[in-house]
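> task: produce atomic coordinates for the following.
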Amino acid sequence: VALLVGTPVFTGISLAESIKLELWTFADTHADWFRYISDRYKNEVNPNVEIEVVTMPGLAQYTDRLMLALAVGEGPDLVDVEQGWFGNFLTLDPVPFVDLRPLLERGGHLDNMILSRQALYSWQGKMYGIEHALTPVVMYYRRDLFDNFGFEPRIETWEDYAVLGQKLDRERHAMDLTQNGLWEMLLRQRGGDLFDAEGNVTADSEIAIRIFEWMIELDELGVLSSPPQGDFWAGVADGFYITSVGADWHGGFIERRLPDQAGLWGAMPLPYWSDDPNRIRTSVNGGTGLAIPVTSQYQEEAWNFAE
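This next block holds a predicted model:
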C-alpha cells in the first residue's frame, strides 16, 4: 500500500479534528508494518490522526470475531481480510465493506495495481479490499546446513531436489513439511489452481493429481516429512527442516519466530519442473486485503490512510 496524500473523497470530519482510527489485523508482521506506516502518516501527512493497531492471533478466531462485530454494526475502521476467508464476509447482507473501486479509479490507482490480486477481494463488480503484496513464493533454506551437507544454494529442478533429499538421514532431517499448502504452491507453479476462471473445481485435474502423487512418493522416501514432534516451527527451529517453501510473508515469520537464527537463512528461486518449457521458478501463496468496514464513522480518514 503506497503512502500517498490524496484529496478527501468523502464529506465528513475535517482533517484538522483529532481522531483515533482502529485497525485490526491477525499477523504480527502486518502489525509491525502498519505501526511503521501509521507513524509516518501521523508525522508526514496528518498529525491529527492516531491509528491504533490491534493484533488478534489466530486467523479463524480473528475472522469469527470480526464477522460478529460487523454483523451487529460494530467493529474497527480498517481491517485485514485474508484472501481465503474473504468469501465468509459475502454471507453477510449487505457486504460489510466499503466498495473501494470508485475511489481507486478516481485516484488513478487501478492502472498501477495487479488486478488479478485485486480480484481476490472483488464481488459482482465491486472491490472491497486492497491487496498488501504479490506474495511471490521462493524456497528458504538453511545456509549453514547446506554447507554442512555440501549442497549448492541453487537447486535447478524438482528432480534434483528429490535426489538431494534422499541423501539426508531421514531420522534427523527432511527437506520440507508434507502439507497441502506446499501442494497448492506447486500446483500454481504449474499454472493450475483449485478453480478455473469459470469457477469450476480443478483440484482433481491431471496435473494436480500428479503433483499430489509426487509428494506422497517424496514423503515415503523421507524427503518430505511431518514434524517429528508434531510442531512445524519446532522442526524448523531445531534444524529438522533444511528448506521451507513459502511466500514473502513466510520469510517474515521465520525472522520473527527464530531470531536466534538470524543470518542462517537464505532464499533461492523454486526448482522448475523438467517438463515445463517455461521453467517457471516461482508461485503465489496467500494474500491479505486492507478493507474499510461500512460501520466505521471515519471512512474518509480511513481511506486517506489506506491511499
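> all contacts plus neighbour counts: C-alpha atoms, from now on.
Fine.
> how distant is stretch 169-184 from the center of its chain?
The chain centroid and the centroid of stretch 169-184 are separated by 20 Å under Cα atoms, centre = their mean, to the nearest Å.
> mind listing the helices for this protein?
For the chain, helices defined by DSSP state H occupy the ranges 28-44, 59-71, 86-89, 101-106, 115-118, 143-149, 158-165, 180-189, 206-221, 232-237, 248-257, 299-306.
> low-confidence bits of the stretch 51-200 of the chain, can you list those?
Scanning the stretch 51-200 of the chain for pLDDT under 70 picks out nothing.
> cutoff 90 now
Counting by pLDDT under 90, the stretch 51-200 of the chain has low-confidence residues at 57, 132-133, 195-199.
> which residues are in contact with the nearest residue to residue 82 once chain neighbours are set aside?
Once flanking residues are discounted, residue 82 sits nearest to residue 288: 4.3 Å by Cα to Cα, 6 or more residues apart in numbering. Neighbouring residues of residue 288 by Cα atoms under 8 Å, 6 or more residues apart in numbering: 80, 81, 82, 83, 130, 131, 132, 133.
> let's see 7 Å
Applying Cα atoms under 7 Å, 6 or more residues apart in numbering, we find residue 288 in contact with 80, 81, 82, 83, 131, 132.
> what about those residues, which are in strands?
Counted as lying in strands by DSSP state E, out of these, are 80, 81, 82, 131.
> which among the contacts of residue 288 gets closest to residue 274?
residue 83 (30.9 Å; Cα to Cα).
> doesn't residue 287 make contact with that closest one?
Yes. Counting by Cα atoms under 7 Å, residue 83 touches residue 287, with 5.4 Å between them.
> circling back: distance to residue 278 for the contacts of residue 288 - can I get that in a markdown table?
Formatted as a markdown table, the contacts of residue 288 follow (distance: Cα to Cα, whole Å):
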| residue | distance to residue 278 |
| --- | --- |
| 80 | 35 |
| 81 | 33 |
| 82 | 30 |
| 83 | 28 |
| 131 | 27 |
| 132 | 27 |
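> tell me how far the residue nearest to residue 82 lies from residue 176.
Distance, residue 288 to residue 176, by Cα to Cα, to the nearest Å: 25 Å.
> over to residue 53?
34 Å.
> out of those two, which sits in the busier spot?
residue 176 (26 against 21; other Cα atoms under 10 Å).
> wait, what's in contact with that one?
The contact partners of residue 176, by Cα under 7 Å, 6+ apart, come to 224, 225, 241, 242, 243, 244.
> for these, which one is nearest residue 190?
So of these, ranked by how close each gets to residue 190 (Cα to Cα), first place is residue 244, at 18.6 Å.
> wouldn't the closest one be in contact with residue 138 here?
No. If you go by Cα under 7 Å, residue 244 and residue 138 don't touch, sitting 8.6 Å apart.
> the more surrounded of those two?
residue 138 (24 against 20).
> okay if I get the contacts of residue 288 as JSON lines plus distance to residue 20 and neighbour count?
JSON lines is the format used below for the contacts of residue 288 (distance: Cα to Cα, whole Å; neighbours: other Cα atoms under 10 Å):
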{"residue": "80", "distance to residue 20": "18", "neighbour count": "25"}
{"residue": "81", "distance to residue 20": "21", "neighbour count": "27"}
{"residue": "82", "distance to residue 20": "24", "neighbour count": "21"}
{"residue": "83", "distance to residue 20": "27", "neighbour count": "19"}
{"residue": "131", "distance to residue 20": "23", "neighbour count": "25"}
{"residue": "132", "distance to residue 20": "22", "neighbour count": "16"}
